[in-house]
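Chemist: Prediction below, plus the sequence it came from.
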Amino acid sequence: MRETFRAMLVLVAVLFFGAAEFCSGRNTSFSCTEKEREALLKFKLCFHDPSHMLSSWKGNDCCEWRGVGCDKNNGYVISLQLRGSVFANQQLQLYLIDDVEEVGSSLLKLRYLEHLDLSNNSFSGNLIPPSFGLMKQLSNQLSGSISDSIGQLSKLESIDLSYNQLNGSIPDSIGQLSKLKSINLYVNQLSGSIPDSIGQLSKLESIDLSYNQLNGSIPDSIGQLSKLESMVLYGNQLRSIPDSIGQLSKLESMVLYGNQLRSIPDSIGQLSKLESMVLYGNQLRSIPDSIGQLSKLEKIDLSNNQFGTGFLKWLQLPKTINMVDLSNASISGPLPENISHMMPMVKGLYLANNLLNGSIPKSLCILKYLAVLDLPNNMLSGNIPKSLCNSKSLEYLDLSNNMLFGNIPKSLCNSKSLRYLDLSNNMLFRSIPNCWRNDQSFIFIDLSSNNLSGLFPSTMVQLSSLSVLHLNNNSLYRGLHVALKNFTSLMVLDLGENKFSGNLTSIIRGEISNHPLRVLRLRKNLVSGYIPLELCSLSQMQILDLADNNLTGMIPSCFGKFPIMVDATQLIYDLGAGYWDQAPLMEVVKGRFLEYERQTLRLEISIDLSSNNLIGSIPEELIFLKDLHNLNLSWNHLSGNIPEKIGQMENLESLDFSKNGLSGMIPNSMSSLTKLSHLNLSYNNLSGPIPTGNQLQTLEDPTMYAGNPQLCGAPLLNKCSNDPLPPTTANFEGNDEGAIKRMWFYIVVLSGFATGFWGVVGTLILVKNWRYAYFQWVDDVQHWILVVITLKVARFKKMFNGNQDGQ
């Protein structure tokens, strides 16, 4: 088969205790043998070497050749290190596809070879010839196509064929590898069932067959693997676990997530050394009580299964457990009051996306090791226990999207360990505690979408490590006492949908040129005054939303200098920075509210100044924001022309200038905006033809140009005066001169017709004698015509009758 792929062909071995050192061969005491030198030269001939990786393969001593390692004591070749480098453009290419057996036969002559690394090269065809099975002394790692001859590798200790495109089934002959300790076949396209012969591998310590298409049951013979420590079979279609699983007395890790398992055998409680059990993403409805016997179990992940009502009440877990994940597991009912007794050592408790109801049990507060409590998207109600926030170990608390009510506990101000706090989308009311201290560790705080009121808590500025602050969609009011210079680590400030008043200068003041703020969102408040020029100093600004306020004045021209909006290349390199994308952000893009989160939020670049009282023209400097995605300046009092070179904003996807007083023509460069999918220029004073071509031709909604009576051209029904007309019999030209000639032609024809018509009809109407004479003439003509027709008919009949008599 000539399937081309970039294969990993790695053969790593331990031939005997104290394996030979992998050296370059430059300091060997012996030269290589002539037989091995010839074998290497023959091996070299099987490859195309455009990058000259094998250029040093000449001369008598092959131990001096690049990538060849020899034993210092006898000169035998023990390693070939020919790993390619994509970045350095160094790759071998196997081109003797029809004679690929030559590769294997030449290597067979290297009788002491222990290590062969041909990874990161470019090959075609079957990369494991049958003759590889004859290499009795080779105990290495393999990569490539699987052949039945693999069973002949009698000293093989480790197989690694991961990250390939292997298909078909795992050969039964794999059971003949009596010395095998490790099997790695993950990320392939292997199908069928796991062979029963796997149970013959008595020395096997780890097996990883994840991300394939294996189906059926895990074979009973797996219980014979008495030395197995790690079993990783996730991402397949396995349906059941055999009872023999309990015989794996040394098993420490079992990872079977993403299969079709429906039950777990009771015998699993016999796995006395099991530390980690990951079974999420199956079809489990219950788990055996015997799991409580696993005295060393520390981690259990049963998320994304189908447990039901009362599951937590009957859950039996060992006291040693420190991480429990039951997220999205269809669990309903209240949290057990004795939960602290059920799992006294737990550090991470994940119960998100279930149907849990009732209040938060106070017993959670006495879990002295609890670091992560994740309970979002449930139906929990009642107050937040004050003692919960006094925990000295709690670092992560997420109670969002529940039905909690009451005050935010002031005890939050006492927590020195809490870093992540999310209480959003509840029914919390009254004011935010104003007792924050500079010795606290908060990085992320989200209190959005509650019923909070009162002033902005001034002591929050002492949270020097705070990176994300969401207070949006509440009823907070009065002045914005949120000086950015005091929030030295703040990346996201979202105060939208409140009743804050005052000027922007209360936020943007002082030295902020090196401030890390990326998102400033003040949408739908009562903020007034001018936009301060200092705002342009925020070099990391990515999303600026000041819409729906009472801002006045002009748009600063320095807006065209926001570095990320000019060149967003650096976003590719800092996608892992901070928590700032953890909470979703609502933005009006393309004429509707869109929710951005995670990676989409990290890559969004937007300016929204809509629904204010801004005046003046649109700054020409905005055209330099070539990586801006969304620009909304609608519902203001802007005037002047649209910037002529707006087409330079090449990444613009949504553009809204509607409801302003813009005039002039739409620039032709706008047709260069090839990514534009939403455009609204309605209700301005624009005139002239609408540009055509490229992306603009796909925007066919005429309402985006409505309210501009002097605009013409598609998609409007109002055609431009110089639009070409269909050709006529007079063959008039389509230019202005032809149009004038046509106009005069029609005038002369219509004038002549009117003159002739009314010259006759008008006279008959006004002069009575002429009218009588005219109608008398008409009668005489009619009578004459009738007489002529009668005579002609009589003459024709006479001639016709005469002809019949003659016959």
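Modeler: Received, thanks.
Chemist: Could you point out which residue ranges in the stretch 701-807 of the chain have low pLDDT?
Modeler: For the stretch 701-807 of the chain, applying pLDDT under 70 flags the ranges 722-742, 754, 756-776, 779-780, 782-784, 786-787, 790-807.
Chemist: all helices for the chain, in order.
Modeler: Here the chain has its helices, by DSSP state H, at 34-44, 101-108, 311-314, 339-342, 563-566, 598-603, 736-766, 768-806.
Chemist: Output the contacting helices and strands for the first one.
Modeler: When you say that, I think you mean helix 34-44. helix 101-108 (3 or more C-beta pairs under 8 Å, 6 or more residues apart in numbering; DSSP states H and E). Every C-beta, even on glycine, is put in place using the N, C-alpha and C of the backbone.
Chemist: Rounded mean pLDDT for the helix it packs on, please.
Modeler: The average pLDDT for helix 101-108 rounds to 60.
Chemist: In the stretch 201-350 of the chain, what residue spans correspond to strands?
Modeler: Taking DSSP state E, counting those that start in this stretch, the strands of the stretch 201-350 of the chain run over residues 206-208, 213-217, 230-232, 237-240, 253-255, 276-278, 299-301, 323-325, 332-334, 348-350.
Chemist: Of the ones you listed, give the one that comes closest to Leu110.
Modeler: strand 206-208 (28.4 Å; C-beta to C-beta).
Chemist: Identify the residues contacting that closest one?
Modeler: 162, 181-186, 198, 225, 228-233 (C-beta atoms under 8 Å, 6 or more residues apart in numbering).
Chemist: Try it again at 10 Å.
Modeler: Strand 206-208 is contacted by residues 158-160, 162, 180-187, 194, 198, 201, 222, 225, 227-234, 252-253, 255 when judged by C-beta atoms under 10 Å, 6 or more residues apart in numbering.
Chemist: Partner strands of it and their direction?
Modeler: strand 182-184 (parallel), strand 230-232 (parallel) (DSSP bridges).
Chemist: Just send the strands of the stretch 201-350 of the chain back as JSON lines, with mean pLDDT and mean neighbour count too.
Modeler: Formatted as JSON lines, the strands of the stretch 201-350 of the chain follow (pLDDT from 0 to 100; neighbours: other C-beta atoms under 10 Å):
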{"stretch": "strand 206-208", "mean pLDDT": "94", "mean neighbour count": "20"}
{"stretch": "strand 213-217", "mean pLDDT": "94", "mean neighbour count": "16"}
{"stretch": "strand 230-232", "mean pLDDT": "96", "mean neighbour count": "19"}
{"stretch": "strand 237-240", "mean pLDDT": "95", "mean neighbour count": "16"}
{"stretch": "strand 253-255", "mean pLDDT": "96", "mean neighbour count": "19"}
{"stretch": "strand 276-278", "mean pLDDT": "95", "mean neighbour count": "20"}
{"stretch": "strand 299-301", "mean pLDDT": "95", "mean neighbour count": "21"}
{"stretch": "strand 323-325", "mean pLDDT": "95", "mean neighbour count": "20"}
{"stretch": "strand 332-334", "mean pLDDT": "92", "mean neighbour count": "16"}
{"stretch": "strand 348-350", "mean pLDDT": "95", "mean neighbour count": "20"}
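Chemist: how about the strands in the stretch 501-650 of the chain?
Modeler: Using DSSP E, counting those that start in this stretch, strands in the stretch 501-650 of the chain cover 519-521, 526-529, 543-545, 550-554, 585-589, 592-596, 606-608, 613-616, 630-632, 637-640.
Chemist: mind checking how far Asn743 is from Cys712?
Modeler: Quick fix: residue 743 is Met, not Asn. In this view, Met743 and Cys712 are 20 Å apart by C-beta to C-beta, to the nearest Å.
Chemist: which one is His637 nearest to, not counting chain neighbours?
Modeler: Ile615 (4.9 Å; C-beta to C-beta, 6 or more residues apart in numbering).
Chemist: The one you found contacts Leu633, correct?
Modeler: No: Ile615 lies out of contact with Leu633 (C-beta atoms under 10 Å); the separation is 11.6 Å.
Chemist: Common neighbours of these two, please.
Modeler: In contact with both Ile615 and Leu633: Ile555, Asn660, using C-beta under 10 Å, 6+ apart.
Chemist: Among those two, which residue is more densely surrounded?
Modeler: Set Ile615 next to Leu633 and count neighbours by other C-beta atoms under 10 Å: Leu633 wins out with 23 against 15.
Chemist: residue contacts, the more buried one?
Modeler: Each residue near Leu633 by C-beta under 10 Å, 6+ apart is listed here: 547, 555, 607-610, 612, 614, 618, 622, 655-660, 662.
Chemist: hmm, back to that, and the contacts of strand 206-208, which of them are buried?
Modeler: The neighbour count (16 or more other C-beta atoms under 10 Å) marks 158-160, 162, 180-187, 194, 198, 201, 222, 225, 228, 230-234, 252-253, 255 as buried among those.
Chemist: From Arg518, how far off is the nearest residue to Gln200 once chain neighbours are set aside?
Modeler: Excluding its sequence neighbours, the residue lying closest to Gln200 (C-beta to C-beta, 6+ apart) is Gly175, at 3.9 Å. Gly175 sits 57 Å away from Arg518, taking C-beta to C-beta as the criterion.
Chemist: Show me which of these two is the more surrounded one.
Modeler: A direct count of neighbours by other C-beta under 10 Å for Gly175 and Arg518 places Arg518 higher, at 27 against 18.
Chemist: gap between the more buried one and Gly647?
Modeler: In terms of C-beta to C-beta, Arg518 sits 27 Å off from Gly647.
Chemist: burial of Arg37, as a residue count?
Modeler: 20.
Chemist: Find the nearest non-adjacent residue to it, please.
Modeler: Among residues not flanking Arg37 along the chain, Cys62 sits closest, at 4.4 Å (C-beta to C-beta, 6+ apart).
Chemist: roughly how far apart are that neighbour and Lys72?
Modeler: In terms of C-beta to C-beta, Cys62 sits 15 Å off from Lys72.
Chemist: quick one, which of the two is more surrounded?
Modeler: Cys62 (24 against 16).
Chemist: For the more buried one, give me its contacts.
Modeler: Contacts of Cys62 (C-beta under 10 Å, 6+ apart): 25, 31-34, 36-41, 56, 68, 70, 75, 77.
Chemist: By neighbours, which of the residues you listed wins?
Modeler: Cys70 (30 neighbours).
Chemist: can you pull the contacts of the residue lying closest to Gly661 once chain neighbours are set aside?
Modeler: Counting by C-beta to C-beta, 6+ apart, Gly661 lies nearest to Ser639, which is 4.6 Å off, once chain neighbours are set aside. Residues in contact with Ser639 (C-beta under 10 Å, 6+ apart) are Ile615, Gly616, Ser617, Ile618, Asn660, Gly661, Leu662, Ser663, Asn684, Asn685.
Chemist: Could you do Ser557 as well?
Modeler: Leu533, Cys536, Gly616, Ser617, Pro619, Glu620, Glu621, Leu622.
Chemist: ditto for Ser606
Modeler: With the criterion set at C-beta under 10 Å, 6+ apart, Ser606 makes contact with 519, 542-545, 565, 585, 587-589, 596, 628-632, 653-654.
Chemist: Would you check how far apart it and Phe562 are?
Modeler: 11 Å.
Chemist: ditto for Asp289
Modeler: Distance from Asp289 to Phe562, by C-beta to C-beta: 60 Å.
Chemist: With that, I have no additional questions.
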